[in-house]
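> requesting a structural model of the entry that follows:
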Amino acid sequence: MAALARQIAAELAARVDPRVAAFAAHIATGHAASARAVLFYGSCLRTTELDGQMLDFYLIVSDYEAAYGKGWLARANRRLPPNVFPHEHDDLMAKVAVLSEADFARLCSTEARDVSVWARFAQPVRLAWCADAAARAAVEAAVADAPRTLIAATLARFPEERDPLELFRKGFTLTYGAELRAERGDRPGSVVDFDPNYYAATGAAILASGVEPMAEDGEALWRGFRRRGKMLTLLRLAKASFTYAGGIDYLAWKINRHAGTKIEVKPWQRRWPLVAALFLLPRLLRSGAVR
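The predicted structure follows:
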């Protein structure tokens, strides 16, 4: 475990673009009473392209009441985490997901009943801002659990696989299939190919630690992940229609970018984003743009 902890700590501490660091600090400032850490991850981290893109951040807070007060946003974040909000700073755009420290730790671990958090944080990530040493330690522990959870879940389905890169490729293929995703079919493999050294070192450290498969029946485990994951995608989309101004435009942009479609958002769809999303989804599923 020590090798994995060192690997993750070094990855989290790696330098980010100064504009990313400034954006992360801006996000934290908006939640000064509760902000514990801001994590930067996703396609913009992999490609280093920022202008004209949608950056991905996770804001980790001490608890939801400290972040929002005792209103409905706190209840929504607790019952169906995370809440997601749009942010702009210094001509950059981002979507910011909010989790408490406790939920972040749980959703990166094998206790999580869906893949959405640990699948993302099994990938390279940067700690773009943190409140103090205790916040850094908590993030390091949670993020180190994420790739370990992915490997444990993948071994349940492929118990004989011992090649670190193949485990990550197969694992990401499984996780992409457990959510409604617009990305191309080769996306899981291309994620690994962006940084094979990271995945080789991380996977080797996890295998050396003696990780066990998450469950004896891998097929049943992943059927459950797929069933819950697709339902949670729809529920989170419904919630985002209330928390994410411009969410329907972002949804169309993301699908067009990854699936090669040409969806144009109509004025009525902006006024009624939840209805629009429910209207679009069957058509996208039929066409194969979203799986």
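
> what packs against whichever strand or helix holds residue 197?
Per DSSP states H and E, residue 197 falls inside helix 196-208. Applying 3 or more CB pairs under 8 Å, 6 or more residues apart in numbering; DSSP states H and E, we find helix 196-208 packed against helix 2-13, helix 133-157, helix 164-177. Yep, even glycine has a C-beta here, placed from its N, CA and C like the rest.

> could I get the average pLDDT for the longest one?
When pLDDT is averaged along helix 133-157, the result is 98.

> can you tell me the centre-most residue of this protein?
By CA atoms, centre = their mean, the mean C-alpha position of the chain lies nearest to residue 120, the distance being 3.8 Å.

> ok, back up a step: need the helices and strands packed on helix 196-208 in TSV (columns: distance to residue 46 and mean neighbour count).
Conversion of the helices and strands packed on helix 196-208 to TSV gives the following (distance: least, CB to CB, whole Å; neighbours: other CB atoms under 10 Å):
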stretch	distance to residue 46	mean neighbour count
helix 2-13	13	16
helix 133-157	16	22
helix 164-177	13	21
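
> nearest to residue 212 among those helices would be which one?
Closest to residue 212 of the helices and strands packed on helix 196-208 is helix 133-157 (CB to CB; 6.6 Å).

> the closest one to helix 2-13, inter-axis angle?
In terms of direction (axes from the mean of the first three to the mean of the last three CA atoms, to 10 degrees), helix 133-157 departs from helix 2-13 by 120 degrees.

> work out the gap between helix 133-157 and the centre of the chain.
How far helix 133-157 lies from its chain's middle: 13 Å, per CA atoms, centre = their mean, to the nearest Å.

> cool, stretch 58-70 as well?
Centroid displacement of stretch 58-70 relative to its chain, using CA atoms, centre = their mean, is 18 Å.

> what residues of it count as buried?
Within stretch 58-70, the residues scored as buried using 16 or more other CB atoms under 10 Å are 58, 59, 60, 61, 62, 63, 64, 65, 67, 68.

> residue ranges with poor pLDDT in the stretch 151-291 of the chain?
Where the stretch 151-291 of the chain drops to pLDDT under 70, the residues are 180-187, 237-238, 240-291.

> that one: strands as residue ranges?
Counting by DSSP state E, counting those that start in this stretch, no segments of the stretch 151-291 of the chain form strands.

> show me where it has helices.
164-177, 187-194, 196-208, 218-243, 247-259, 267-271, 273-287 (DSSP state H, counting those that start in this stretch).

> how much does the first one deviate in direction from helix 196-208?
Between the axes of helix 164-177 and helix 196-208, defined by the same axes, to 10 degrees, the angle is 100 degrees.

> quick one: distance of helix 164-177 to the chain centre.
Helix 164-177 sits 15 Å away from the centroid of its parent chain (CA atoms, centre = their mean).

> between it and helix 218-243, how many degrees?
Using the same axes, to 10 degrees, the inter-axis angle of helix 164-177 relative to helix 218-243 is 50 degrees.

> got phi/psi on residue 212?
Backbone torsions of residue 212, given as degrees, to the nearest 10, read phi -110, psi 150.

> how about the helices and strands packed on helix 196-208, which one is nearest residue 92?
Relative to residue 92, the nearest member of the helices and strands packed on helix 196-208 by CB to CB is helix 2-13, separated by 21.1 Å.

> surely residue 74 and residue 81 touch.
No. The pair residue 74 / residue 81 is not scored as a contact, 11.1 Å apart, by CB atoms under 8 Å.

> which one of these two has more residues nearby?
Using other CB atoms under 10 Å as the criterion, residue 74 and residue 81 rank with residue 81 on top: 21 against 18.

> hang on, that one in a helix?
No. Counting by DSSP: H, G, I helix; E, B strand; the rest coil, residue 81 is located in no helix; its state is coil.

> tally up the residues packed near residue 231, please.
12.

> and for the one 5 residues further on?
When neighbours are counted by other CB under 10 Å, residue 236 registers 20.

> and if you look at the one 3 residues further on?
Neighbours of residue 239 under the rule other CB under 10 Å: 19.

> ok, now which ones touch residue 157?
Residues counted as contacts of residue 157 (CB atoms under 8 Å, 6 or more residues apart in numbering) are 170, 174, 218, 219, 221, 222.
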